[in-house]
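1. What follows is a protein structure lacking sequence information:
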């Protein structure tokens, strides 16, 4: 026996599911001789790139971990007192191990199928209740992307809500002491909509003299001062002006909530509730408001309904996908949330409870109070009369530089952004020893000395009290869920009970068309909780972030090579944000050329609903382009409309391969038509995983393309977030990529920020970095080929029993296909019945009724083996037989396994079985289920009931007890 000692197991062999034996059998089923023959039949010749990707050769997993550790070591993690909305915190180990690092939580999909997502939904209701309680508002949503975008959503929601006598009001007042990153995002959102921002001091603004429709203030403000806004809010209410307060959730444990002061909307971030800073994200922003605005609240909101057995059940409520329903009339393009981070923040509140949070908040404020006292004794002016965690120390430029040098020698970062001041923000991780170090730094610039023993003695008994104007008197987090899991053992069991109610990739394939639920490999995930990545402040000095900058530089270059573009911005922190950013970059380029009048965006009728919503948010007019009977863009209709609007054409938004799962052969002609009529081509990168290594948006003719890193590049969906939506751009658009008000990333003519953090959700970029580094050029190409192979294998197995709606010229699909179930409706079977029945077989439904009502859009991804694909196909084919039984009249049209699906364990184990089919048919229709059974925790959820009886907080104990007794 001979061994090659230079050979290690290639990562792609672990990532790509099919074995060589699988591939041979699948090719036989499809009817082709090789994978390359299949690719040639699928991908049009005129868009094929033949050269290999110019990225480094693949690293094996062991070598990758070693290399990324070396990169991480270049980050210098200093003690951060910078603040500005980002604070170190302690992620309780029981939460870090059992949520953040647990694939049962991070590989789940958005909870559109409520019956197999009850754990996540309950965790999100805990999050919503926590936010509503602490802010003093009536309800909250299930998270937004970050604090800045939450503030922007408040501004635009209120703009849409202006009453008749305020319809012409376009002014929005912003207090100048708001976080600078929030102000920058507000500027970005305001310009396309014609909103005029008036920035100034709240003490001197005259709300009566000018025609304002809304105001926003920071509480505590960016300088750390806690201001009394009651008078301002009262004047605003008298003049029908909407009120938004951006706030620090931890401070509201001790301070009067903005809701009790009269705010209409309260926004912020839950980052310091156990979520690492991660160089700026991902973090769960929050949005809390009044019941009056429950039907306008942006994003997702989780409500309580009931299932088919009358039991309480959670589900997504109201307009949670309004961009798909209303399209160009949508007021928001939000298509995601920050579920994983929201779950962590809610779990943090559950674990600590109200008393634990009070201890943490009191300690933070106590450290800041002592620091203020001692620094004042040293002769420094601390200008915040009322504060929670942040001090404002007066200092001229010379003193600031001396303090900076001394602090950095001690590996401490203060906030030096405000002219004439040093900011010092305390957090949960700081100790009395840290306080002593802070004092010692300033002591060197004072004639007074302070004995460290005095500091330690003073820390033993600190008076923590606010005046009656600011002290919180209302109770919060009184529900039992926040008061019974303070021991780790009970918390562990609670989290495991929630996890066990949810189906994730840990159980079975999730074949969601357009959503690409691929393997999130453990080696990719490992680095994200390393302190070198997790504990980095986004505004830390450049010389402390060399590791992050190296990783970002490399990933930017790799993504640019993969997309065929000049460069890439990593700032957009969701796919919809990427759409919006791409359109704004196009508009900035056109305005710079003297073509600001270009405001028409052409969008195919098959496009994702976020496309038209994003176009409207960017200030454009949407013109819909028809699709032909094969689902492709109607080229002649496109040509006609591009010509008609040539003087005002801004852009075309196109998804490639199409939303129908086909490589449209006319795509290069389509791009040429747009360019000849003065427009730019925006490519939606939702289906980029069918392009990598075979072709690219830049090669095809696109000018800008967003990527879903949570799809093609292996970042987990996290149960509905985080997502990252970077944009790649051609060279002529590069100068306009988004900048930052606090970090020098200006590209020359940068637009203002899209997201709060300079590099968006940088904390999870190591995942995509690891994916590309370990796959290498060959692995990425083979992943694309395997995705197309797996999809065509499923298509071949299903097409004799299910019509496949759209295919290419040679009868092939790309990486996904649309299965037509509309004919079943004639005898009473809806596509929803099939989706719910799949749960009984242990599978999450494919995408339901998008882009065509009454269909299933199936995408298997490259990570699934033939065995798993067969299990899924066997399930759908068996369901087809169940449908046929209804069609033939051999089973009752109403009392059948489809209409009653999903079947819970309780429903099958009842003593009085009254159905016309057996328990075995209900629970074990195929033999594999006796080994691999996943039980839905509730029966079919009644969505309409939940919308009629909207309730979005933790279920009252007495109602929960009634459910248990029943």
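-> Cool, got the structure. Bear in mind the structure is a predicted one, so any value in this text is a computation, not a measurement.

2. only C-alpha atoms for contact and neighbour calcs from this point on.
-> Noted.

3. Do a quick rundown of the helices in the stretch 851-966 of the chain.
-> Assigned by DSSP state H, counting those that start in this stretch, the stretch 851-966 of the chain shows helices spanning 866-888, 905-908, 919-923, 929-932, 943-948, 957-965.

4. Quick one, which of those helices gets closest to residue 739.
-> Closest of the helices of the stretch 851-966 of the chain to residue 739 is helix 943-948, at 40.7 Å (criterion: CA to CA).

5. Mind naming the longest helix for this protein?
-> Selection of the longest helix in the chain by residue count, based on DSSP state H, yields helix 339-377.

6. okay if I get the helices of the stretch 851-966 of the chain as CSV plus distance to residue 284?
-> Below are the helices of the stretch 851-966 of the chain laid out as CSV (distance: least, CA to CA, whole Å):
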stretch, distance to residue 284
helix 866-888, 34
helix 905-908, 34
helix 919-923, 38
helix 929-932, 34
helix 943-948, 25
helix 957-965, 27
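
7. what's the closest of those to residue 294?
-> Closest to residue 294 of the helices of the stretch 851-966 of the chain is helix 943-948 (CA to CA; 10.7 Å).

8. And the contacts of that closest one?
-> 303, 304, 305, 306, 315, 317, 318 (CA atoms under 8 Å, 6 or more residues apart in numbering).

9. List only those of those residues flagged as buried.
-> Using 16 or more other CA atoms under 10 Å as the burial test, the contacts of helix 943-948 include 303, 304, 305, 306, 315, 317, 318 as buried.

10. Spatially, which two of those are the most separated?
-> 306 and 318 (15.0 Å).

11. List the residues that contact residue 358.
-> Neighbour list for residue 358: 253, 254 [criterion: CA under 8 Å, 6+ apart].

12. just to revisit the earlier point, pick out the shakiest of the helices of the stretch 851-966 of the chain, pLDDT-wise.
-> Lowest mean pLDDT within the helices of the stretch 851-966 of the chain: helix 957-965, at a mean of 46.

13. quick one: pLDDT of the residue lying closest to residue 193 once chain neighbours are set aside?
-> Leaving aside its sequence neighbours, residue 193 sits nearest to residue 619 (CA to CA, 6 or more residues apart in numbering; 5.7 Å). Note for residue 619: predicted pLDDT of 93.

14. Residue 190 is in contact with residue 619, correct?
-> No. Contact criterion CA atoms under 8 Å: residue 619 and residue 190 do not qualify, at 9.8 Å.

15. any idea how far residue 238 is from residue 262?
-> As defined by CA to CA, to the nearest Å, residue 262 lies at a distance of 12 Å from residue 238.

16. These two - which one has more neighbours?
-> Between residue 262 and residue 238, counted using other CA atoms under 10 Å, residue 262 has the larger neighbour count: 20 against 10.

17. Go ahead and name everything in contact with stretch 655-672.
-> Where contact means CA under 8 Å, 6+ apart, the residues beyond stretch 655-672 that reach it are 42-44, 46-47, 514, 606-608, 631-633, 635, 638, 681, 683-688, 690-691, 700-702, 806-808, 812-818, 851.

18. give me the number of residues near the residue lying closest to residue 32 once chain neighbours are set aside?
-> In space, and not counting its chain neighbours, residue 32 is closest to residue 38: 6.4 Å by CA to CA, 6+ apart. Applying other CA under 10 Å, we find 20 residues neighbouring residue 38.

19. Just the buried positions in the helix or strand where residue 38 lies, please.
-> Element membership for residue 38 (DSSP states H and E) is helix 35-42. With burial defined by 16+ other CA under 10 Å, the residues of helix 35-42 counted as buried are 35, 38, 39, 41, 42.

20. So which of the residues you listed is the closest to residue 101?
-> Nearest to residue 101 among these is residue 35, at 35.7 Å by CA to CA.

21. ok, the closest one touching residue 788?
-> No. The pair residue 35 / residue 788 is not scored as a contact, 9.1 Å apart, by CA under 8 Å.

22. ok, residue 749 - contacts?
-> Counted by CA under 8 Å, 6+ apart, residue 749 has contacts 735, 736, 737.

23. cool, residue 824 as well?
-> Each residue near residue 824 by CA under 8 Å, 6+ apart is listed here: 830, 831, 883, 887.

24. farthest-separated two in these?
-> 831 and 887 (14.3 Å).

25. out of those two, which sits in the more crowded spot?
-> Set residue 831 next to residue 887 and count neighbours by other CA under 10 Å: residue 831 wins out with 22 against 18.

26. What's the per-residue pLDDT of the more buried one here?
-> Predicted confidence (pLDDT) for residue 831: 97.

27. Please work out how many residues are found near the residue nearest to it when sequence neighbours are not counted.
-> Using CA to CA, 6+ apart and skipping residues adjacent in sequence, the residue nearest residue 831 is residue 854, 5.4 Å away. Applying other CA under 10 Å, we find 18 residues neighbouring residue 854.

28. does residue 854 really touch residue 848, like I thought?
-> Yes. With contact defined as CA under 8 Å, residue 854 counts as touching residue 848 (7.3 Å).

29. any residues in contact with both of the two?
-> In contact with both residue 854 and residue 848: residue 831, using CA under 8 Å, 6+ apart.

30. any idea how far residue 373 lies from residue 455?
-> As judged by CA to CA, residue 373 and residue 455 stand 10 Å apart.

31. So which residues of the stretch 351-500 of the chain form helices?
-> Per DSSP H, counting those that start in this stretch, the stretch 351-500 of the chain carries helices over the ranges 397-409, 432-443, 452-459, 488-499.

32. Nearest to residue 129, out of those?
-> Nearest of the helices of the stretch 351-500 of the chain (CA to CA): helix 488-499, 16.9 Å.

33. Could you give the average pLDDT over the closest one?
-> 98.

34. what does that helix rub up against?
-> Contacts for helix 488-499 (CA under 8 Å, 6+ apart): 94, 98-99, 104-105, 118-120, 122-123, 351, 484-485.

35. buried set for the helix or strand just after it?
-> Where DSSP H and E defines the elements, the next helix or strand beyond helix 488-499 is helix 522-525. Buried positions in helix 522-525, judged by neighbour count with 16+ other CA under 10 Å: 523, 524, 525.

36. So between residue 373 and residue 455, which is more surrounded?
-> Counted by other CA under 10 Å, residue 373 and residue 455 do not tie: residue 455 has more neighbours, with 18 against 13.

37. So which residues make contact with the host helix or strand of residue 547?
-> Per DSSP H and E, residue 547 falls inside helix 546-563. Helix 546-563 is touched from outside by 53-55, 71-75, 533, 566-570, 692-693, 696-698, 705, 728, 765-766, 768-769, 772, with contacts defined as CA under 8 Å, 6+ apart.
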